[in-house]
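Colleague: Provide a 3D model corresponding to the input given below.
(one chain, ligands or ions: 1)
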Amino acid sequence: MKTGQLDVLLGLQWGDEGKGKVVDYLSSRYDIVARYQGGPNAGHTVVVDGKNVVLHTIPSGIFHDEVKNLIGNGVVVDPITLQREFELLHQLGIDAKERVYLSRRVHLILPTHRWLDLASEAAKKKNKIGSTLRGIAPTYMDKTGRNGIRVGDLFTKGFVEQYQNLKSKHLRLLEMYPPVEFPLEEEEEKWWNAIDFVRTLQIVDGEQWIWQALEHNARILAEGAQGAMLDLDYGTYPYVTSSYTGSAGVCIGLGVPPSYIDEVIGIAKAYTTRVGSGPFPTEIEGEMAEYLRQKGHEYGATTGRPRRCGWLDLVQLRYSARLNGVNRIILTKLDVLDELEEIPYAKAYKIDNTISTSMPYRLDDVPIHPVYITTEGWRTSLDHITSWEDLPGEVLDYVELIQHSVEVPIHGVSVGPERHQLIPRY
Ligand code: IMP
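Modeller: Next comes the predicted model:
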């Protein structure tokens, strides 16, 4: 039984497509925004009253007074980051406690998970994943290994012992790695304080809460973090995150059957970026990469690292759209390309002298040469444009060639960081 609406919004590239802004824009059409995977490795930037606000755990619907926000069971939560986010919102005059709900099945990130992340990355030397070091992989490992601690456990008698046991296991594991510094005592103190705070939040059986909301006709938006190419199974493994970033992750991460999902909205940047290590066929270097980085403010919202930049990759985009059953795409950051005479994009890959338009098993096994085509740039500022009809012909050409190749309609474009700079098509 389902009577409301459940749409999904997810990133189609390697993350940082501008999802936070689009969720914020769309939120007024929904009653609930729900995060279904990932953790504080995410950094969703929303511009509120001209100020950049970065959220790591709380869904981007929080900036709309009427919208409730669920942190679903597929998310891993660091109590310290979560408490900080509530404090930040409080300073902005938002009482998030009223409108944030936390699933009882959410797994907790312990300080020693972060320590393990640090030690494991340091030990990888040249082959680092480029993790955000927020303890994501070790926490999901404990989840699948059935050792994890969940929010619901905070209310059980054995909680402290459960914590000590897991911490001891981590300390034993850490002996396998070359030593790395970590201020454990200090972090544990913050963690226990934050645990007291988490106990005061609205904790629910997330899946049943969602079913009930749907029964009462709620419109729900499931907000993805990271991007399709960072998915544990379908991304550029092993250079991926440890959760299911795609639309399939919604079922696991919120407790809803596939048949409940209505629209899947894919967010794609008008060019491509990636932060961290791993293959990126259309990556460029030198002056043009630096230009895109500066103009697009391409620095990680969580770690501040410079993002790698490159051109739009239609092989990759088509793969992500198909994989996730995307019904419509919103193209972001078009304004970053405003001054370019010509805009290159990859239509196919040349691998061993063979032209292919399908995604290979690995992107880092053999050299991949993107087959580039260029389209004419619009060479004018899109900054002030507010309606689809006013977009220059060259923008419409770019939009057309993308939707033709990906076989999914583009329903909107974003031309700047502010809420009003998202131009719907219909
Ligand atoms: P982890 O999830 O922190 O372990 O990082 C694994 C990989 O995913 C690294 O390459 C990170 O840079 C990347 N990553 C994780 N979260 C995000 C995100 O929100 N945006 C972009 N890249 C991310």
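Colleague: Against the ligand, how distant is Leu401?
Modeller: From Leu401 across to the ligand, the span is 26 Å (C-beta to the nearest ligand atom, to the nearest Å). Using the backbone N, CA and C atoms, a C-beta is placed for each residue, glycine as well.
Colleague: let me fix that: Gly15
Modeller: From Gly15 to the ligand the distance is 3 Å (C-beta to the nearest ligand atom).
Colleague: and the residue of the stretch 201-350 of the chain found nearest the ligand, how many neighbours?
Modeller: For the stretch 201-350 of the chain, the residue closest to the ligand is Gly276, as judged by C-beta to the nearest ligand atom, at 2.1 Å. When neighbours are defined as other C-beta atoms under 10 Å, Gly276 has 22 of them.
Colleague: Over to Thr354?
Modeller: Neighbour tally, Thr354, other C-beta under 10 Å: 8.
Colleague: next one: Gly286
Modeller: So Gly286, with other C-beta under 10 Å, has 7 neighbours.
Colleague: How about the one 10 residues further on?
Modeller: Gly296 has 21 neighbouring residues, counting by other C-beta under 10 Å.
Colleague: Could you pull up phi and psi at it?
Modeller: Torsion angles at Gly296 (phi, psi; degrees, to the nearest 10) stand at phi -90, psi 10.
Colleague: again, but for Lys124
Modeller: The phi and psi values for Lys124, taken as degrees, to the nearest 10, are phi -80, psi -10.
Colleague: same check, this time on Tyr140
Modeller: Main-chain torsions, Tyr140, degrees, to the nearest 10: phi -70, psi -30.
Colleague: so it makes contact with Ser242?
Modeller: Yes. Counting by C-beta atoms under 8 Å, Ser242 is a contact partner of Tyr140 at 3.9 Å.
Colleague: pLDDT score for Leu82?
Modeller: Confidence at Leu82, expressed as pLDDT, is 98.
Colleague: ok, it - contacts?
Modeller: Residues in contact with Leu82 (C-beta atoms under 8 Å, 6 or more residues apart in numbering) are 57-58, 194, 197-198.
Colleague: one more time with 10 Å
Modeller: Leu82 makes contact with 39-40, 56-58, 71, 96, 100, 102, 106, 108-109, 194, 197-198, 201 under the criterion C-beta atoms under 10 Å, 6 or more residues apart in numbering.
Colleague: ok so, going back, what's the spacing between the residue of the stretch 201-350 of the chain closest to the ligand and Asp233?
Modeller: Going from Gly276 to Asp233 by C-beta to C-beta, to the nearest Å gives 18 Å.
Colleague: tell me, what's touching Tyr140 and Ser242 both at once?
Modeller: Common contacts of Tyr140 and Ser242, defined by C-beta under 10 Å, 6+ apart, comprise 37-39, 76, 232.
Colleague: If we only consider the residues you listed, which is nearest to the ligand?
Modeller: Nearest to the ligand out of those is Gly38 (C-beta to the nearest ligand atom; 6.6 Å).
Colleague: I'd say the closest one and Ser242 touch.
Modeller: Yes. If you go by C-beta atoms under 10 Å, Gly38 and Ser242 touch, sitting 8.9 Å apart.
Colleague: overlap in contacts of the two?
Modeller: Joint contacts of Gly38 and Ser242 (C-beta under 10 Å, 6+ apart) are 76, 136, 140, 230.
Colleague: Keep only those of the residues you listed that are in helices.
Modeller: Among the shared contacts of Gly38 and Ser242, the members found in helices (DSSP state H) are 136, 140.
Colleague: Tabulate the shared contacts of Gly38 and Ser242 (CSV), appending pLDDT.
Modeller: Output for the shared contacts of Gly38 and Ser242, formatted as CSV (pLDDT from 0 to 100):
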residue, pLDDT
Val76, 98
Ile136, 98
Tyr140, 98
Leu230, 98
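Colleague: buried subset of the shared contacts of Gly38 and Ser242?
Modeller: Buried members of these, scored by 16 or more other C-beta atoms under 10 Å, are 76, 136, 140, 230.
Colleague: which among the shared contacts of Gly38 and Ser242 gets closest to Trp14?
Modeller: Comparing the shared contacts of Gly38 and Ser242 against Trp14 with C-beta to C-beta places Leu230 closest, at 5.8 Å.
Colleague: isn't the closest one right next to Ser131, touching?
Modeller: No. Leu230 is beyond contact range of Ser131, at 11.2 Å (criterion: C-beta under 10 Å).
Colleague: what do the two both touch?
Modeller: 41, 239, 241-242, 276.
Colleague: hmm, back to that, show me the two of the buried ones among the shared contacts of Gly38 and Ser242 that sit farthest apart.
Modeller: Within these, Val76 and Leu230 form the most distant pair, 14.7 Å apart (C-beta to C-beta).
Colleague: Could I get the full set of helices for the stretch 301-426 of the chain?
Modeller: Using DSSP state H, counting those that start in this stretch, the helices of the stretch 301-426 of the chain run over 314-323, 393-406.
Colleague: beta partners of Gln202?
Modeller: Taking DSSP bridges, one obtains Tyr101 as the residues bridged to Gln202.
Colleague: mind listing what it touches?
Modeller: By C-beta under 10 Å, 6+ apart, the neighbours of Gln202 are 68, 70, 97-102, 209.
Colleague: Most neighbours among the residues you listed, which one?
Modeller: Neighbour-wise, these (other C-beta under 10 Å) top out at Leu70, 28 neighbours.
Colleague: show me what contacts the nearest residue to it once chain neighbours are set aside?
Modeller: Take Leu70 and drop its neighbours on the chain: the residue closest to it by C-beta to C-beta, 6 or more residues apart in numbering is Ala34, 4.0 Å away. Residues in contact with Ala34, defined by C-beta under 10 Å, 6+ apart, are 6, 8, 59, 61, 68-72, 74-75, 101, 103, 206, 209-210, 213, 220-223, 250, 253-254, 256.
Colleague: Tell me the predicted confidence for Ala34.
Modeller: 98.
Colleague: so which strand or helix has it?
Modeller: Following DSSP states H and E, one finds Ala34 within strand 32-35.
Colleague: what about that strand, distance to the chain center?
Modeller: Remark: strand 32-35 is offset 13 Å from the chain centroid, using C-alpha atoms, centre = their mean, to the nearest Å.
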